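J.: Need the 3D shape of this:
(2 chains)
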Amino acid sequence: EAAVTQSPRNKVAVTGGKVTLSCNQTNNHNNMYWYRQDTGHGLRLIHYSYGAGSTEKGDIPDGYKASRPSQENFSLILELATPSQTSVYFCASGGTGGADTQYFGPGTRLLVL
Amino acid sequence: QQKVQQSPESLIVPEGGMASLNCTFSDRNSQYFWWYRQHSGEGPKALMSIFSNGDKKEGRFTAHLNKASLYVSLHIKDSQPSDSALYFCAVMYGGSGNKLIFGTGTLLSVKP
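T.: This next block holds a predicted model:
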């Protein structure tokens, strides 16, 4: 099964500070995704990528940037963190076929004070 | 945009009982559907996929898809305490990127 790891697992940040969440996958998937999970909203797509050097906006991209420097790594960047960005963030990877499954990491719990 | 709704929000079933989870979607052109399961403190994990109308059985789990009725369901037979988790329906949308839109989830509790 696909292996997706995330760091840090927990993060406390201050309002206005910069936060970088990192994701690594070891299964050579072209596609990678960042979601946030909030009670009552399920999982919502923030940014995604087709491969190294590409980033695309998802459904809720405002306040977030993404970076895909290599096939294996995909980062989510909060330049000016706000309390509304307190959430659990999940990274996922998957293949390019329509029927390909997405594999999720363990999540990062972010608290913005 | 595609909308995915799940019911019930929460469900309690006795050990050994049947759990039935429901999901409706809004785009008739949708082709690919997944059920994901998330145990507390973990990331979601794909449980099963279904792409054709009808039933698909994998062990104690049966998924049902009716594209014309915009409906997909998951039935868990002989429920076990280890099945207690948050279950998401996910539907692929958009022309590229294999993007998924998730329902808000059903929290299943299986009581011994």
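J.: burial measure for the closest residue in space to B:Met18 that isn't next to it in sequence, as a count.
T.: Nearest non-adjacent residue to B:Met18, counting by CB to CB, 6 or more residues apart in numbering or on different chains: B:Lys77, 5.7 Å away. The way it works is simple: take the backbone N, C-alpha and C, and place the C-beta from them, glycine included. Using other CB atoms under 10 Å in any protein chain shown, B:Lys77 is surrounded by 13 other residues.
J.: Any part of stretch A:62-71 near chain B?
T.: No. Against chain B, stretch A:62-71 shows no contacts by CB under 8 Å from any CB of the partner chain, the least distance being 12.8 Å.
J.: measure that stretch end to end?
T.: Distance between the two ends of stretch A:62-71: 24 Å, counting by CA to CA, to the nearest Å.
J.: Average pLDDT for that stretch, rounded please.
T.: Across stretch A:62-71, pLDDT averages out at 98.
J.: roughly how far apart are the residue nearest to B:Met18 and chain A?
T.: Distance from B:Lys77 to chain A, counting by CB to the nearest CB, to the nearest Å: 23 Å.
J.: pretty sure that residue contacts B:Lys57?
T.: No. The pair B:Lys77 / B:Lys57 is not scored as a contact, 9.3 Å apart, by CB atoms under 8 Å.
J.: circling back: how much space between the residue nearest to B:Met18 and B:Ala19?
T.: According to CB to CB, to the nearest Å, B:Lys77 and B:Ala19 sit 8 Å apart.
J.: Find residues that contact each of these two.
T.: Common contact partners of B:Lys77 and B:Ala19 (CB atoms under 8 Å, 6 or more residues apart in numbering or on different chains): none.
J.: any idea which element the closest residue to A:Gln25 other than its chain neighbours lies in?
T.: Nearest-residue entry for A:Gln25: A:Ser93, 4.0 Å, with adjacent residues in sequence omitted and distances by CB to CB, 6+ apart. Element membership of A:Ser93 [criterion: DSSP states H and E] is strand A:87-94.
J.: Export that strand to PDB, keeping only CA atoms.
T.: Extracted C-alpha coordinates of strand A:87-94, given in PDB (Å, rounded to 0.1, in the frame of the first residue of the first chain):
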ATOM      1  CA  SER A  87      -7.800  22.400  11.500                       C
ATOM      2  CA  VAL A  88      -6.500  18.900  10.700                       C
ATOM      3  CA  TYR A  89      -4.600  18.800   7.400                       C
ATOM      4  CA  PHE A  90      -4.200  15.700   5.300                       C
ATOM      5  CA  CYS A  91      -2.000  15.000   2.400                       C
ATOM      6  CA  ALA A  92      -2.800  12.300  -0.200                       C
ATOM      7  CA  SER A  93      -1.300  10.800  -3.300                       C
ATOM      8  CA  GLY A  94      -2.700   8.900  -6.200                       C
END
